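> here's a sequence, model it:
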Amino acid sequence: MANVLVFAEQREGVLRRAAHEAAGAARRVADALGGSVDAVVLGPASAAGWAAELGRSGVDRVLVGAGDLFESHDPEAFTAALERVVRAGDHYAVLLPATSLGKDLAPRRAARLGVPLATDATALQIEDGELVITRPVYAGKAVAEVVLDAAPRVVSLRPNVFRAAEAQREAAIESIDLAGITPGRVRVREFVEAAGERPDVAEAAIIVSGGRGLRGPENWQLLEQLAEALGPQCALGASRAVVDAGWRPHGEQVGQTGKTVSPQLYFAVGISGAIQHLAGMRTARTIVAINKDPEAPIFKVADYGVVGDALDILPRLAEAIREARAGG
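Numbers count the residues shown, from 1 in each chain. Have a look, this model is predicted:
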């Protein structure tokens, strides 16, 4: 029992990046155990076409449940299909992305199996045959290493933390037996994307977040200029104080009561670094803090810190980035 099962999430007929990240994590765990990787795909009739894509992410076998039932997220139907795959197989671990859909499925999955669940994992390691799961606890103030004492080990993975694998595998395709699986009592009818062309803050590779240090919503244009200079992969974020003040929409809030993010690059501009905000972004790969208070807590977690007035620094920083990208 060394095989790993991963749930490959899709939305509107497109595999999400979190699916490839979860597949990459599963590949590394399976390699350490000498096993293989299976992926469950639930989606429209075109779902079988994703096998080649998942093969490049390290998956050996793709188990497809395709049809109208899985066009949109149906919690009970998705749970039933995934349970059927898990009970029919012999898997060491089941990995799901800790997205909004994954956070819905993971506890259902664990409860149906009667096994514990480790959520929001930021690292996985095989030690003496055991899966050691690293995850933040106490609102990000500490990090715990846990081992689950039941099989399969059900784990949800924090998005933007795990790297997608680069493999050239020919993934085999098998259909899931969907007999008897019917629509549930609750079904998601549509996803409404936030207005604007920028990526969702929970999935962006680069995030520029602002706090009360910007002194008013009229100065948010300085953050927007920096985000423009950084490119289309950059999203705008905000602290809770800013959202509560009505400067920015809740969809941009980063923190314990907002969204958890793990980008490659995170700018904290005019954000003091309250523990609630740190809980949502401290796993960012590189953190740049701009604050006029040299004693601000944000500097304790930042990789780079700039002490000064953000209103003076932001225009100069945006211009320097534009010049650098232009090769000047």
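> my guess is residue 185 meets residue 77, correct?
No. Counting by C-beta atoms under 8 Å, residue 185 does not reach residue 77; the two are 10.3 Å apart. C-betas here are computed from N, CA, C, even on glycine.
> neighbour count winner among the two?
Neighbours were counted for residue 185 and for residue 77 using other C-beta atoms under 10 Å; residue 77 has more, 20 against 7.
> using the three-state scheme, assign the more buried one.
Following DSSP: H, G, I helix; E, B strand; the rest coil, we place residue 77 in the helix state.
> per-residue pLDDT, it?
If you check residue 77, the pLDDT there is 92.
> domain assignment for this protein?
Domain ranges of the chain: 3-175, 206-325, per automatic domain parsing.
> make JSON lines from the ones you listed and add distance to residue 198 to it.
As requested, the domains of the chain are exported to JSON lines (distance: least, C-beta to C-beta, whole Å):
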{"stretch": "domain 3-175", "distance to residue 198": "15"}
{"stretch": "domain 206-325", "distance to residue 198": "5"}
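> and these: which comes nearest residue 200?
Ranking the domains of the chain by proximity to residue 200 (C-beta to C-beta) places domain 206-325 first, at 6.7 Å.
> and that closest one, how far apart are its ends?
End-to-end distance of domain 206-325 (C-alpha to C-alpha, to the nearest Å): 15 Å.
> tell me the mean pLDDT for that domain?
On average, domain 206-325 scores 94.
> now it: how far from the chain's centre is it?
Distance of domain 206-325 from the chain centroid (C-alpha atoms, centre = their mean, to the nearest Å) equals 19 Å.
> give me the beta-bridge partners of residue 38?
residue 5, residue 61 (DSSP bridges).
> same question, residue 208
With DSSP bridges as the rule, residue 208 is bridged to residue 236, residue 267.
> ok, now which ones touch it?
If you count contacts by C-beta atoms under 8 Å, 6 or more residues apart in numbering, residue 208 has them with 223, 226, 227, 230, 234, 235, 236, 237, 267, 269.
> look up how far residue 232 lies from residue 257.
Relative to residue 232, residue 257 is positioned 28 Å away (C-beta to C-beta, to the nearest Å).
> biggest separation within the contacts of residue 208, which pair?
Across these, the longest distance by C-beta to C-beta is 13.6 Å; it joins 235 and 269.
> possible to save the contacts of residue 208 as JSON lines with neighbour count and distance to residue 216?
Listed next are those as JSON lines, based on neighbours: other C-beta atoms under 10 Å; distance: C-beta to C-beta, whole Å:
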{"residue": "223", "neighbour count": "23", "distance to residue 216": "12"}
{"residue": "226", "neighbour count": "25", "distance to residue 216": "17"}
{"residue": "227", "neighbour count": "22", "distance to residue 216": "18"}
{"residue": "230", "neighbour count": "21", "distance to residue 216": "23"}
{"residue": "234", "neighbour count": "21", "distance to residue 216": "22"}
{"residue": "235", "neighbour count": "25", "distance to residue 216": "21"}
{"residue": "236", "neighbour count": "22", "distance to residue 216": "16"}
{"residue": "237", "neighbour count": "34", "distance to residue 216": "17"}
{"residue": "267", "neighbour count": "29", "distance to residue 216": "19"}
{"residue": "269", "neighbour count": "26", "distance to residue 216": "14"}
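> ok, so of those, who is nearest residue 314?
Ranked by distance to residue 314 (C-beta to C-beta), those are led by residue 226 at 5.6 Å.
> how much space between the closest residue in space to the closest one that isn't next to it in sequence and residue 151?
Leaving out its chain neighbours, the residue that sits closest to residue 226 by C-beta to C-beta, 6 or more residues apart in numbering is residue 318, at 4.6 Å. Distance, residue 318 to residue 151, using C-beta to C-beta: 52 Å.
> between these two, which is the more surrounded one?
With neighbours defined as other C-beta under 10 Å, residue 318 and residue 151 compare such that residue 318 has more, 20 against 15.
> any idea which element the more buried one lies in?
Taking DSSP states H and E as the definition, one finds residue 318 inside helix 310-325.
> which other helices and strands contact the helix or strand residue 28 falls within?
Using DSSP H and E, residue 28 falls within helix 17-33. The helices and strands touching helix 17-33, judged by 3 or more C-beta pairs under 8 Å, 6 or more residues apart in numbering; DSSP states H and E, are strand 3-7, strand 37-43, helix 51-55, strand 91-97, strand 123-127, strand 153-157.
> rerun at 7 Å
Counting by 3 or more C-beta pairs under 7 Å, 6 or more residues apart in numbering; DSSP states H and E, the packing neighbours recorded for helix 17-33 are strand 3-7, strand 37-43, strand 91-97, strand 123-127, strand 153-157.
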